[in-house]
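*Asks:* Generate coordinates for the sequence data below:
(chains A and B)
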There are 2 protein chains.
Amino acid sequence: MLRMSSLFLRTLRDDPADAEVASHKLLVRAGYVRRIAAGVYSWLPLGYIIYRNIERVVREEMDAAGFQEVHFPALLPKEPYERTNRWAEYGPDLFRLQDRKGGDYLLGPTHEEMFTLMVKGEYSSYKDLPLSIYQIQTKYRDEPRPRSGIIRGREFVMKDSYSFDVDDAGLEVSYEKHRQAYIKTFDRLGLKYNIVKAMSGAMGGSRSEEFLAPCPTGEDTYVLCEKCGYAANVEAMTTPDVKVEGATPPAIEVLDTPNTPTIDSLVDVMNAKFGPGHKASDTLKNILLIADGEAISVLVPGDREVDVKRVQANLAGVKELRLFEEEDFAKRKELVKGYVGPQDAKRFGLKLYADPRVAVGTHWITGANQLNKHARYVTHGRDFTVDGFIEAVEVRAGDACPQCQSPVIIDRAIEIGHIFQLGRKYAQALDLTVLDADGKSQVVTMGSYGIGVSRAVAAVAEQSHDELGLVWPLEIAPAKVHIVATGKDDLPFDTAEKLASSLEANGITVMLDDRREASPGVKFKDAELIGNPIIVIVGKALADGKVEVRIRKTGEKREIALSDALTEISSLVRSHKNSIA
Amino acid sequence: MLRMSSLFLRTLRDDPADAEVASHKLLVRAGYVRRIAAGVYSWLPLGYIIYRNIERVVREEMDAAGFQEVHFPALLPKEPYERTNRWAEYGPDLFRLQDRKGGDYLLGPTHEEMFTLMVKGEYSSYKDLPLSIYQIQTKYRDEPRPRSGIIRGREFVMKDSYSFDVDDAGLEVSYEKHRQAYIKTFDRLGLKYNIVKAMSGAMGGSRSEEFLAPCPTGEDTYVLCEKCGYAANVEAMTTPDVKVEGATPPAIEVLDTPNTPTIDSLVDVMNAKFGPGHKASDTLKNILLIADGEAISVLVPGDREVDVKRVQANLAGVKELRLFEEEDFAKRKELVKGYVGPQDAKRFGLKLYADPRVAVGTHWITGANQLNKHARYVTHGRDFTVDGFIEAVEVRAGDACPQCQSPVIIDRAIEIGHIFQLGRKYAQALDLTVLDADGKSQVVTMGSYGIGVSRAVAAVAEQSHDELGLVWPLEIAPAKVHIVATGKDDLPFDTAEKLASSLEANGITVMLDDRREASPGVKFKDAELIGNPIIVIVGKALADGKVEVRIRKTGEKREIALSDALTEISSLVRSHKNSIA
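*Replies:* Here you go, the predicted structure:
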């Protein structure tokens, strides 16, 4: 039983100065967490109860799925991370340190290397696989901008699992098992979430999905079709096929278009020349980029912006991608800034990629590769061909859903989980092989699966609060029932005490506000701020043999007979999970 | 249920090359832990089950005592540790690092500062106290010689509690509550231990006790009286009062003792001069030391060695203590090396301390403060007086117990817990005060209480193993029952499976060896190595409707009817805890 009279808790009236998002404000005000340093928090008793409840649910679901728990240190030697090149790749995000002998160590941001080496140390045969192992462990990332309280911290707890299979079919099964376990976990945590298609990395497996908990202040944006449920992050969103109809356009016509280096100026000139009705979407942008040192051009409609991150995510194997700068134009005089067109790309030795909107058969107003000249009727397939299609434009609300063509929305969310087919990248780098049935050595294929355990506390808070305070789901609340005793006599306090004890004896956790000095108003406010799902008030109504029961989520109140309280509250807890939390 | 067919476990036949102590060897061989770097280990599934069982027991006992759980980060900013001077004092034992902005951080070796600041942040009145809060958290110390596997690691888990009281009487109560909680905890963990008096620090409170688990390879030595149970670490051991009887000795007699700079040479000369029978214990050593820059002399009987660490622990407030070196003698010509006596100390301006054995009324053969001269009948109280008594000699087996005068033994042990009255040191440095009943500001007094949670895994293993392997106590074993199915037919495997399921349904954890390919011998050896308390063999005896039950600890074996197995094994688990584990 948690007694407010002795609980190590002081609620705050005001929002902390450094808090921007609701969960951060409320978790500080209600006495769940305290800041120690940028992105580094400590848990007060109520916060740690919530945290541990979430950890328990995660562990139970992992165990139920047959995954085995192991545990790694956070302090890790450099060597394995050098072998996969991540010691260098992580850059300043990695906390690095030296021990007294000058040995290099890091604080693990994620443990792919260690899991791979652990399996390599124990297993050697295909008969040992499949294997899925996990840990719930403290991780470190030196975020450039730690923010939103415990949502993006520099020390945080993750559940990370890895699956090990001898072939791709096995990986698919392991992936699906994790996916199902994640669904069960997040459902139990009371989180609303979407499973969102994500880009897989350059190497290995192909599937990658994020579990995103929608919330207006979330850091992740993603695309959601409210009609059919399609969800993808911006990089992974795809464009439905464009149907090209109508007659073949006339032959290319080169036009004098002085001083039209921008789309707007070009549209104006076209309207002036050929009458109104020309739109930016009739023009074609030739976006010049440097991909790992090589110049490429990406074609997008003139009314769309290019999304360089998205281009890169879709260009397999490209490590560095940037827009052309003045000096790049200076080196390639044939590419006339503001007047580039795709029709001479082959001649220029320029790789061409097109956004799917620039489909074969479409024709465009675009640069004529001469200063102050554009061309119209430049037709894909007739006047130019491309080396590949690539998702390239900034996704917008209203774009067509690739599944059902309805307009999508752009939503914000917190990433709470990620499942990912890693493939053979780490096993290859660290030489994790097993002998197959024929005695031949096979590189193991891996999956990687993460849940942000400490972050989930904030994600639930973010989705589940109102203007009065937090509203915890029954499964993870600090206590299921919050009993407030009011008045000056002993009777309500003794009655509340007895009710609390009987509920606890029934296996129902109780927080009891047994403070004698606090006013009823203060107690009610604290109860609402703290956010346990059922609030029971033992006070005035006791004169009529009654107590008041309030449902925190709905605000619903009713009086019930004290003699029925134990039974009614117990059945409320056991049978009405969904309606109250 | 843990199934050997899929458990992530490979037992090893040979001891690891780097292991010296039994727990380390067995925990590696039985597949509980693996080394990652010096003093840094990972847990395999069986190891993490044991670890979590121990953590659970610790948490349950802390909660039962009314202590509240909080949780701090391991990554901590420098500032609070600078305010208490520990940033400097810790020296190379502290892991230090910088973040991307060059801010100084440390990996917490212990969290006094953070707990103090947390309470300061929430509480302000004497009415808020007493308070005891704890965490179970990963700690870091850059040990100069990490060794003995997880006994002395550089990353390890501790339960650390702190109590906060407004006065000394309150601290005494909080201390006693922790002491009782520790007794219950270690009893449940099945550890044999002694509660050993330890020295308290220079500041604040006075009581300090260590919980030491005796084991032959332990790093800590301590004094134990097997008769009355008195136990103390070497620093805290006290000497019983010396009764001085007999007549007053004659006046001092100065003797020519050429070339007698050592006790042995002095005894030889005395025997030659006055006949045999002189002993080293008749002579007095004048040990010259530099205490924080000041010369002092410590008097101990000639047959005893001085224990400088012990002297320092007993000299309140002395930060640096070292023996005289040649240059110290060179600076003080009046102190003639090998011929110093206490009778001129006042004249020399030398502070004198005596071991209790050098009691008032005792007389000694000692230096005459002249080269090649000694004196006899030099009597404490008559010929010299001291500034204080101080425990100074190296403790020996056979020294008298301060409680019952019986000869003590010197024993080795692993420190598993420490309770300690910190007093006001941290509260003062970090300004933790509360208003008392009169509205006056009072500095809070604190206690500090630690349990080595990860270390306890090894401590239990160290105390509880035999030549075959580990022998876990029932409360923390990976499983209570280890069922081995043998044979080539399905029957024993199906029977074992059914029995395992019924036991699990009864709330009894089971490890089932369901491997078809392993030989019975391998399975028995693994069962013994892994160390679950009850081993059940479902094999040959099944033909007679029987299974064999073995008690791992005693080696006792008997056959029981399969039909009784569920009942008998259940009652064995529930009622015979002490006899089997």
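
*Asks:* Name the SS class of residue A:156, please.
*Replies:* Following DSSP: H, G, I helix; E, B strand; the rest coil, the label given to residue A:156 is strand.

*Asks:* ok, now residue A:309?
*Replies:* Taking three-state DSSP as the rule, one finds residue A:309 in the helix state.

*Asks:* Please look at it and residue A:233 and confirm they touch.
*Replies:* No. If you go by CB atoms under 8 Å, residue A:309 and residue A:233 don't touch, sitting 10.6 Å apart. Where C-beta positions appear, they are placed from N, C-alpha and C, glycine not excepted.

*Asks:* Tell me which of the two has more neighbours.
*Replies:* Per other CB atoms under 10 Å in any protein chain shown, whichever of residue A:309 and residue A:233 has more neighbours is residue A:233, with 23 against 12.

*Asks:* give the contact list for residue A:538.
*Replies:* Residue A:538 makes contacts with A:483, A:484, A:485, A:486, A:492, A:493, A:495, A:496, A:499, A:547, as judged by CB atoms under 8 Å, 6 or more residues apart in numbering or on different chains.

*Asks:* Quickly list what the residue of the stretch 151-300 of chain A found nearest chain B is bridged to.
*Replies:* The stretch 151-300 of chain A approaches chain B most closely through residue A:155 (4.7 Å), counting by CB to the nearest CB. Beta-bridge partners for residue A:155, by DSSP bridges, are residue A:140.

*Asks:* Assess the claim that it and residue A:37 are in contact.
*Replies:* No. In this structure, residue A:155 is not within contact of residue A:37 by CB under 8 Å, at 9.2 Å.

*Asks:* shared neighbours of these two, anything?
*Replies:* B:73, B:75.

*Asks:* These two: who's more crowded?
*Replies:* Higher neighbour count among residue A:155 and residue A:37: residue A:155, with 24 against 19, using other CB under 10 Å.

*Asks:* Same question for stretch A:400-412: list its buried residues.
*Replies:* Neighbour counts over stretch A:400-412 (16 or more other CB atoms under 10 Å in any protein chain shown) mark A:401, A:402, A:408, A:411 as buried.

*Asks:* Could you provide these in JSON lines, with additional columns for pLDDT?
*Replies:* Listed next are those as JSON lines, based on pLDDT from 0 to 100:
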{"residue": "A:401", "pLDDT": "95"}
{"residue": "A:402", "pLDDT": "94"}
{"residue": "A:408", "pLDDT": "97"}
{"residue": "A:411", "pLDDT": "94"}
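
*Asks:* Which members of those are the farthest-apart pair?
*Replies:* A:402 and A:411 (16.2 Å; CB to CB).

*Asks:* For residue A:473, give its distance to residue A:568.
*Replies:* Separation of residue A:473 from residue A:568 (CB to CB, to the nearest Å): 20 Å.

*Asks:* Equivalent analysis for residue A:108, please.
*Replies:* Taking CB to CB, one finds residue A:108 at 49 Å from residue A:568.

*Asks:* mean confidence score for the helix or strand containing residue A:330?
*Replies:* In this structure, residue A:330 sits in helix A:326-331 according to DSSP states H and E. The pLDDT scores in helix A:326-331 average 93.

*Asks:* Relative to residue A:110, how far out is the residue nearest the centre of chain A?
*Replies:* In chain A, the C-alpha nearest the mean C-alpha coordinate belongs to residue A:415, at 2.0 Å (CA atoms, centre = their mean). According to CB to CB, residue A:415 stands 14 Å off from residue A:110.

*Asks:* still on that earlier bit, using CSV, write down the CA coordinates of the helix or strand following the helix holding residue A:330.
*Replies:* Next along the chain after helix A:326-331, taking DSSP H and E as the criterion, comes helix A:345-348. This file holds the C-alpha atoms of helix A:345-348, laid out as CSV (Å, rounded to 0.1, in the frame of the first residue of the first chain):
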residue,chain,number,x,y,z
ALA,A,345,21.6,13.7,-69.7
LYS,A,346,23.2,10.8,-71.7
ARG,A,347,25.4,13.2,-73.6
PHE,A,348,26.4,14.9,-70.3
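
*Asks:* The stretch 251-400 of chain A: strands as residue ranges?
*Replies:* Assigned by DSSP state E, counting those that start in this stretch, the strands in the stretch 251-400 of chain A fall at A:253-256, A:284-291, A:294-301, A:321-323, A:351-354, A:363-370, A:373-379, A:388-389.

*Asks:* Between these, which one is closest to residue B:436.
*Replies:* Closest approach to residue B:436 among the strands of the stretch 251-400 of chain A is made by strand A:321-323 (66.0 Å; CB to CB).

*Asks:* avg pLDDT for the closest one?
*Replies:* Across strand A:321-323, pLDDT averages out at 95.

*Asks:* Paired strands for that strand, with orientation please.
*Replies:* strand A:284-291 (antiparallel).

*Asks:* Go ahead and confirm residue A:158 touches residue A:137.
*Replies:* Yes. Proximity of residue A:158 to residue A:137 meets the contact threshold set by CB under 8 Å, at 6.7 Å.

*Asks:* Neighbour count: these two, which is higher?
*Replies:* Neighbour totals were compared for residue A:158 and residue A:137, and residue A:158 leads with 23 against 19 (other CB under 10 Å).
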